[in-house]
Every structure is written in structure tokens, then in C-alpha cells.
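Undergrad: turn this into a model:
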Amino acid sequence: MTTLTKEQEIELEAAAFRRLVAHLRERSDVQNIDLMNLAGFCRNCLSNWYREAAEAKGLPVSKDESRERIYGMPYEDWKNLHQEEASPVQKAAFEQNKPKD
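TA: Numbers count the residues shown, from 1 in each chain. Presented below is the predicted three-dimensional model:
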């Protein structure tokens with residue numbers, strides 16, 4: 001395995017994160033509930049993790065700001081443009097698979 005410096009590792013991880021975020025922005029047809037049911041995380045989870053990382057560094061990033069960084073627009077705008085009502089099947093799958101606190 002290639003030996004990377006810590007800086008190189010961070011740069012590559014950041015690039016992969018940016019690509020994931022760009023991919024999720026392009027795939028607005030994929031609903032958050034589908035992501036949760038399949039992978040156990042969604043765009044909101046990513047925005048929460050982003051905000052938590054900022055808080056750990058003492059940086060003031062609000063929930064709305066972190067969501068806008070992930071969604072590429074204000075969350076309410078994204079919901080109005082792309083979010084559909086979850087079907088009974090999606091809701092049942094979420095209840096069965098939702099993360100335990």
C-alpha cells in the first residue's frame with residue numbers, strides 16, 4: 001500500500017467527500033429515505049456530520065448552513081423541488097431499519 005502523508009490523506013478524503021456530495025446533488029431523484037433504507041445514512045446525516053466536525057474545531061456552522069453545503073441550496077428549496085412523500089413501503093422499511101439511538 002502506498003504510504004501517504006497525513007496531509008495527502010486529508011486531501012484525498014476531502015476530494016472523495018466533495019465527489020460524494022456532488023454525486024448526491026446530481027442524483028436528486030434518489031430520496032433521502034431510500035438512502036437511509038439502503039445505506040443507513042442520507043444527505044441530512046452528512047450535513048449533521050459536517051456540522052459536528054465544525055463544532056469539534058470550534059467553528060460556528062449552523063444546521064441550515066451545513067445542510068446548504070450538502071444540498072447546494074437551502075434545504076427548504078431542495079425539499080420543494082425534489083422531495084416526494086414517502087410511500088407506505090418506504091416508511092415501513094425505515095421503521096424496521098432505522099438506526100437505534
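Undergrad: alpha carbons only for contacts and neighbour counts from here, please
TA: OK.
Undergrad: quick one: buried residues of the helix ranked longest in the chain?
TA: Determined from DSSP state H, the single longest helix within the chain is helix 6-26. In terms of neighbour count (16 or more other Cα atoms under 10 Å), helix 6-26 has its buried residues at V21, L24, R25.
Undergrad: what about that helix, distance to the chain center?
TA: Distance of helix 6-26 from its chain centroid, counting by Cα atoms, centre = their mean, to the nearest Å, is 12 Å.
Undergrad: again with stretch 60-69
TA: With Cα atoms, centre = their mean, you get 12 Å for stretch 60-69.
Undergrad: quick check: mean pLDDT of the longest helix of the chain?
TA: In this model, helix 6-26 has a mean pLDDT of 97.
Undergrad: now do that helix: everything it contacts.
TA: V30, R43, I70, Y71, G72 (Cα atoms under 8 Å, 6 or more residues apart in numbering).
Undergrad: ok, stretch 53-62 next?
TA: R51.
Undergrad: pLDDT (mean, whole number) over it?
TA: 97.
Undergrad: gap between the two ends of it?
TA: 12 Å (Cα to Cα, to the nearest Å).
Undergrad: stretch 78-95 too?
TA: 24 Å.
Undergrad: what residues sit buried inside that stretch?
TA: W78, Q83, K91, A93, F94.
Undergrad: packing partners of the helix or strand where K79 lies?
TA: Per DSSP states H and E: K79 is located in helix 75-82. Counting contacts by 3 or more Cα pairs under 8 Å, 6 or more residues apart in numbering; DSSP states H and E, helix 75-82 packs against helix 63-71.
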